[in-house]
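Engineer: return atomic coordinates for the entry below.
(one chain, ligands or ions: 3)
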Amino acid sequence: MDTRLTFSFPAEFETEALVVFVSEREPKLAGAAAEVDQALGGAVASLLKSGEFSARASETLLLFKPTGLKAKRLLLVGTGKVPPTVYELRRLAGAAARSLKGKNILSWSVLAPAEIAPEAVIAATITGALAADFEPGRYKSEPDDKRLAEVAVILPPSLKAREKELLRAIQVASAIGEGQNFARELANEPSNRLTPTIMAARAQAMARAAGLECELIDAARARELKMGAFLGVAQGSSEPPVMMVLRYRPRPAANPAAPARVLGLIGKGITFDTGGISIKPADGMEKMKYDMAGGAAVLGAMQAIAALRPPLEVLAVVPATENMPGGRAQKPGDVQIAMSGKSIEVINTDAEGRLVLADALAYARQLGATHLVDVATLTGAVAIALGTVNSGVFANDDAFYAEFERARQTAGEKMWRLPLDDEYFEQIRGTVGDILNTGGRYGGAITAAMFLREFAETVPWVHLDIAGTAWLDDAKPWMAKGPTGAAVPTLVNLALAMAGV
Ligand code: BES
Ligand code: MN
Ligand code: ZN
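Structural biologist: Ligands and ions are numbered 1, 2, ... in the order given. As a prediction, the model looks like this:
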């Protein structure tokens, strides 16, 4: 998908379709939208007055050959009563993209609404269009390979002076959207077509193309590194495990005067989660192919970071394995010694994500990460607490959390912080070892995070539980059903913010 910025009068702009956002508040038509209506001889104003289009959020109306405009079509998109956030505008842009695509209109333009910052409009439009363009049916014998050709954002000529920064906003949004779709391609793959070995090969190919360093830790090396928690999960599977390590190093090296911060991104890469010996029920188990969505999000973010080249070192650690039952599988009650030296009682083999992440967090620290963010489809409990709307966020450091929260806001994703009181630790205090891998029914997302906190130790750390947000069970107007690419926009924005760009 090509992207374009143009500083022109919208009525004069030639395009297959001109997308105009219309507010339900008064005045419903302001700034450039009012100009468009003037060129149309007040047609939109009359339409609004008639009540046939009232600009409710997500309401759309397509007009063919609008007289007075050079555009072939005009698509009105209602934004409702309150000015839309990046989160909402992305959905509106995505819904426009999918409805136009359904009519075979693959090139179109968006008129930036005057009341929203141009950077936010660009971010929302471009990431929304790219997200809307993803189709999950990759193994259909006649795949839907229709893709968007070009999206242009029309800005007022008065912003021409800021063209350079606004082009950077386009570049950032494109990298994020593409990183998100890369993550979604991986998460969408069935486990027979994305084993840990294949996932590592895909990561390696991406790293080569993006100019990232990539190292693959195999089982033998993991044993040398004493990754007992990771290997304990992997021992039940015939597929060899692999821990992917990717590194982005800025060139020239980051500002030597500033204390070197190294962002470590860690992503759960369970390519299939049967539950192991504590096996899951059959109903819905097919969805456990997306239990590597956190790892995929980290890889997608790394691809985008490599494209945007912020002056900050970023490393990624993605532990990948299947979680399978079998004659060699770990069993409830087994004790594993993690890389950090802590002993873990495996109460439930289905709480495997925290085990592989324990060693990945320790390894990221050993490699020099000064700040950690892990992303994982970790618990069903987070979806009980927050549903499919917000990802769960946990943090052991308020200052780093504040930085993360700002990045989340810029990215326009929904996440909700949950607590980590020391009292919760009682639920996972070990009997024969240091720590249990499950803490009972109550506060399941929290006790999982408490477990991970033990392995972040004193390093500022944020944990994202995306079990409820990484997958859409039903198609939405702005996105196909399937993987969502959750967390990629926030991770990329965090890296940019930490780099001070
Ligand atoms: N991968 C699952 C969590 C999950 C559930 C992700 C639903 C996406 C959708 C995780 O490994 C798991 O099985 N967690 C258990 C933990 C329990 C055994 C303490 C859970 O949530 O039931
Ligand atoms: Mn599990
Ligand atoms: Zn899992």
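
Engineer: quick check: which ranges of this protein have low pLDDT?
Structural biologist: Where the chain drops to pLDDT under 70, the residues are 253-258.

Engineer: kindly report the domain assignment for it.
Structural biologist: 2-156, 178-499 (automatic domain parsing).

Engineer: closest to ligand 3 out of those?
Structural biologist: domain 178-499 (3.7 Å; CB to the ion). From N, CA and C alone the C-beta is placed, and that goes for glycine too.

Engineer: quick one: end-to-end distance for the closest one.
Structural biologist: With CA to CA, to the nearest Å as the measure, the first residue of domain 178-499 is 21 Å from its last.

Engineer: start at 53, not 1
Structural biologist: Got it, first residue is 53 now, which makes that one domain 230-551.

Engineer: how about A145, what does it touch?
Structural biologist: Residues near A145 by CB atoms under 8 Å, 6 or more residues apart in numbering: V71, V162, A176, T177, G180, A181, A184, W530.

Engineer: that one - that's part of a helix, no?
Structural biologist: Yes: A145 sits within a helix when classified using DSSP: H, G, I helix; E, B strand; the rest coil.

Engineer: how about the nearest residue to it, chain neighbours excluded?
Structural biologist: Closest residue to A145 apart from its sequence neighbours, by CB to CB, 6 or more residues apart in numbering: G180 at 3.4 Å.

Engineer: find the helix or strand that the one you found is a member of.
Structural biologist: Taking DSSP states H and E as the definition, G180 sits inside helix 170-185.

Engineer: go on, A549?
Structural biologist: helix 540-550.

Engineer: ok, now A501?
Structural biologist: Per DSSP H and E: A501 is located in helix 496-508.

Engineer: helices or strands up against that helix?
Structural biologist: Contacts defined by 3 or more CB pairs under 8 Å, 6 or more residues apart in numbering; DSSP states H and E place helix 496-508 against helix 405-418, helix 432-438, strand 443-447, strand 513-517.

Engineer: ok, the residue in the chain that ligand 2 sits nearest to to ligand 1 distance?
Structural biologist: Closest to ligand 2 within the chain is D402: 3.9 Å, counting by CB to the ion. To ligand 1, D402 is 4 Å away according to CB to the nearest ligand atom, to the nearest Å.

Engineer: now that residue: closest residue in space, sequence neighbours ignored.
Structural biologist: G327 (3.8 Å).

Engineer: OK, contacts around the one you found?
Structural biologist: Per CB under 8 Å, 6+ apart, neighbours of G327: N375, P377, T401, D402.

Engineer: give me the beta-bridge partners of the first one?
Structural biologist: Right, the one you point to is N375. Beta bridges link N375 to D325, judged by DSSP bridges.

Engineer: what's the neighbour count on it?
Structural biologist: Number of residues near N375 (other CB atoms under 10 Å) recorded here: 30.

Engineer: make sure W523 is actually in contact with D343.
Structural biologist: No: using CB atoms under 8 Å, W523 is not in contact with D343, being 10.1 Å away.

Engineer: which of those two has more neighbours?
Structural biologist: D343 (26 against 21).

Engineer: got the angle for the helix ranked longest in the chain vs helix 170-185?
Structural biologist: Looking across the chain with DSSP state H, the single longest helix is helix 215-240. For helix 215-240 and helix 170-185, the angle between their directions (axes from the mean of the first three to the mean of the last three CA atoms, to 10 degrees) works out to 30 degrees.

Engineer: about what we covered before: ok, residues contacting the helix holding A549?
Structural biologist: Outside of helix 540-550, the residues within contact range by CB under 8 Å, 6+ apart are 179, 224, 227-228, 231-232, 235, 313, 315, 317, 349-350, 352-353, 356-357, 360, 362, 364, 366, 423, 425, 427, 455-456, 458-460, 462-465, 467, 516.

Engineer: which ChimeraX command selects the buried ones in these?
Structural biologist: To isolate in ChimeraX the members of those that are buried, counting by 16 or more other CB atoms under 10 Å, one can use:
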select :179,224,227,228,231,232,235,315,317,349,350,352,353,356,357,360,362,364,366,423,425,427,455,456,459,460,462,463,464,465,467,516
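
Engineer: excluding chain neighbours, what is closest to I396?
Structural biologist: For I396, ignoring the flanking residues on the chain, the nearest one in space by CB to CB, 6+ apart is Q388 at 5.0 Å.

Engineer: so the one you found sits right up against I399, yeah?
Structural biologist: No: between Q388 and I399 there is no contact under CB under 8 Å: 11.7 Å.

Engineer: neighbour-wise, which of the two wins?
Structural biologist: Per other CB under 10 Å, whichever of Q388 and I399 has more neighbours is Q388, with 23 against 19.

Engineer: start to end distance for stretch 76-96?
Structural biologist: 13 Å.

Engineer: likewise for stretch 78-93?
Structural biologist: End-to-end distance for stretch 78-93: 19 Å, by CA to CA.

Engineer: whichever strand or helix holds V71: partners in the sheet, and parallel or antiparallel?
Structural biologist: Secondary structure from DSSP H and E places V71 in strand 70-74. Sheet pairing for strand 70-74, assigned by DSSP bridges, gives strand 125-130 (parallel), strand 159-163 (parallel).

Engineer: enumerate the residues of the protein near ligand 3.
Structural biologist: I322, D325, D343, G405 (CB under 5 Å from the ion).

Engineer: need the residues you listed in a markdown table with distance to L207, can you?
Structural biologist: Below are these laid out as a markdown table (distance: CB to CB, whole Å):
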| residue | distance to L207 |
| --- | --- |
| I322 | 44 |
| D325 | 46 |
| D343 | 42 |
| G405 | 44 |
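
Engineer: which ones among those residues also lie next to ligand 2?
Structural biologist: D325.

Engineer: so which of the residues of the chain next to ligand 3 would you say is closest to L268?
Structural biologist: Closest approach to L268 among these (CB to CB): I322, at 17.0 Å.

Engineer: contacts only, for Y453.
Structural biologist: Residues counted as contacts of Y453 (CB under 8 Å, 6+ apart) are V445, A447, R469, V514.

Engineer: wait, the last one touches A451, no?
Structural biologist: Which is V514. No: look at V514 against A451 with CB under 8 Å: they stay out of range, at 11.3 Å.

Engineer: compare the two and say which is more crowded by neighbours.
Structural biologist: V514 (27 against 9).

Engineer: now do the contacts for that one.
Structural biologist: Contacts were defined as CB under 8 Å, 6+ apart; by that measure V514 touches L424, V425, D426, V445, F446, A447, F452, Y453, F456.

Engineer: next: D185.
Structural biologist: Taking CB under 8 Å, 6+ apart, one finds M53, A149, K153, R199, L200, N233 in contact with D185.

Engineer: relative to A239, how far out is it?
Structural biologist: Taking CB to CB, to the nearest Å as the measure, D185 and A239 are separated by 16 Å.

Engineer: could the helices and strands packed on helix 496-508 go into CSV alongside distance to K339?
Structural biologist: CSV is the format used below for the helices and strands packed on helix 496-508 (distance: least, CB to CB, whole Å):
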stretch, distance to K339
helix 405-418, 15
helix 432-438, 11
strand 443-447, 17
strand 513-517, 16
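
Engineer: and the ones you listed, which is most packed in?
Structural biologist: Sort the helices and strands packed on helix 496-508 by mean neighbour count, taking mean count of other CB atoms under 10 Å, and strand 513-517 sits at the top with a mean of 29.

Engineer: partner strands of that one, with direction?
Structural biologist: Applying DSSP bridges, one finds strand 513-517 paired with strand 423-428 (parallel), strand 443-447 (antiparallel).
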